[in-house]
Each structure stands twice: as C-alpha cells, then as structure tokens.
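> How does the following fold in three dimensions:
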Amino acid sequence: MALKGINAYRKGNLKQDLSQADPHKITLMLMQGALDRMAYAKGSMERKEYEAKSEHVSRATAIIQNLRDTLDLSINEEVTDNLFALYDYMVARLIDANVQNDLKIMDEVISLMLPIKTAWAQIPEDAKAQAYETMRQKRQAV
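Numbering: from 1, shown residues only. Okay, here's the model as predicted:
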C-alpha cells in the first residue's frame with residue numbers, strides 16, 4: 001500500500017516537472033527515463049521476472065521511438081540522420097535483448113544512450129536559447 005502512495009507522489013512530481021520544463025529538459029527527462037527503464041529491465045532479467053522485464057523494455061523502446069520521431073530532420077541533416085539511425089538501432093537491439101534475455105545487449109544499448117544524454121545535458125544555455133528562438137520563428141512563419 002505504501003508503494004502505491006510513493007508511486008503516486010512520483011507521478012505528481014513528474015507532472016509538475018514536465019509542466020515547468022522547456023523542450024531541452026523534457027528531452028533530457030525522456031533520455032533518463034529510457035535509461036531507468038533499461039536498468040529496471042536488466043534487474044528483472046537477472047531475477048527472471050519476465051513480465052516485468054517485458055514491460056520495462058517496452059517502455060524504454062517507446063521512449064526511444066518518441067525521441068527518434070521528434071527529431072527535426074531539417075536541421076543539420078547529417079547529425080539528425082545519424083541520430084535517427086542510432087535510435088532505430090537501439091530499438092532493434094532492445095527487442096533482441098528482450099527476446100534473448102541478454103544482459104550484454106541491454107548494456108550495449110545503455111552504453112549508446114549514456115553519451116547522448118551526457119552531451120545533451122552539456123549544451124550551453126546560449127545555444128539552447130538560440131535554438132528555441134529559431135524554432136519559435138519557424139512556427140510563426142508557418
């Protein structure tokens with residue numbers, strides 16, 4: 001019963017964080033969410049909790065697909081095309097990890113996501129502000 005209360009509290013905090021977050025922070029939260037789900041899936045694999053493993057892999061996959069599908073492919077096409085392909089690869093490898101119950105594959109996907117998240121977190125404030133202004137101007141032009 002206490003666990004339900006803790007989970008409700010976490011969900012409330014998450015909703016509050018999202019309502020106050022800029023797009024950069026939301027992306028960072030999604031990346032962390034994917035990493036968290038992969039870590040939970042690994043633990044479930046180790047404990048042979050296959051239903052929980054599948055749920056966590058499914059959620060991590062959905063998050064990565066969302067990250068992939070929200071890329072703006074018109075900006076810096078080489079980078080976004082490579083990132084799109086990398087996210088596709090991660091999704092395929094997560095499916096492999098799920099089917100094969102393979103911790104090494106899960107570690108591989110985690111090792112691919114971590115540097116992306118780290119780099120995303122290190123984007124300077126002025127670069128974020130410039131990107132948001134460019135995005136705002138594009139929306140107004142439409």
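> what ranges of this structure fall below the confidence cut-off?
1-21, 142 (pLDDT under 70).
> so who does the most centrally placed residue in it touch?
Compute the mean C-alpha point of the chain, and by CA atoms, centre = their mean the closest residue is M31, 2.9 Å away. By CB atoms under 8 Å, 6 or more residues apart in numbering, the residues touching M31 are I63, L67, M113, I116, K117, W120. (C-beta placed from N, C-alpha, C; glycine too.)
> can you check I63 too?
L30, M31, G33, A34, R37 are the contacts of I63 under CB under 8 Å, 6+ apart.
> ok, now how distant is the third one from M135?
Read it as G33. According to CB to CB, to the nearest Å, G33 and M135 sit 22 Å apart.
> out of those two, which sits in the busier spot?
Between G33 and M135, counting by other CB atoms under 10 Å, G33 is the more crowded of the two (18 against 13).
> For L73, pull up the helix or strand it's in.
Using DSSP states H and E, L73 maps to neither a helix nor a strand.
> before we move on, what about N98?
Using DSSP H and E, the element containing N98 is helix 77-100.
> Would you mind writing the CA trace of that helix as CSV?
In CSV, the C-alpha atoms belonging to helix 77-100 read as follows (Å, rounded to 0.1, in the frame of the first residue of the first chain):
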residue,chain,number,x,y,z
GLU,A,77,20.7,16.7,-41.6
GLU,A,78,23.8,14.7,-41.2
VAL,A,79,23.6,14.8,-37.4
THR,A,80,19.9,14.1,-37.2
ASP,A,81,20.0,11.4,-39.8
ASN,A,82,22.8,9.6,-37.8
LEU,A,83,20.9,10.1,-34.6
PHE,A,84,17.7,8.8,-36.2
ALA,A,85,19.6,5.7,-37.4
LEU,A,86,21.2,5.2,-33.9
TYR,A,87,17.8,5.4,-32.2
ASP,A,88,16.5,2.8,-34.7
TYR,A,89,19.4,0.6,-33.9
MET,A,90,18.7,0.9,-30.2
VAL,A,91,15.1,-0.1,-30.6
ALA,A,92,16.1,-3.1,-32.6
ARG,A,93,18.7,-4.1,-30.0
LEU,A,94,16.2,-3.7,-27.2
ILE,A,95,13.9,-6.1,-29.0
ASP,A,96,16.8,-8.5,-29.3
ALA,A,97,17.6,-8.1,-25.6
ASN,A,98,14.0,-8.8,-24.7
VAL,A,99,13.6,-11.9,-26.9
GLN,A,100,17.0,-13.3,-26.0
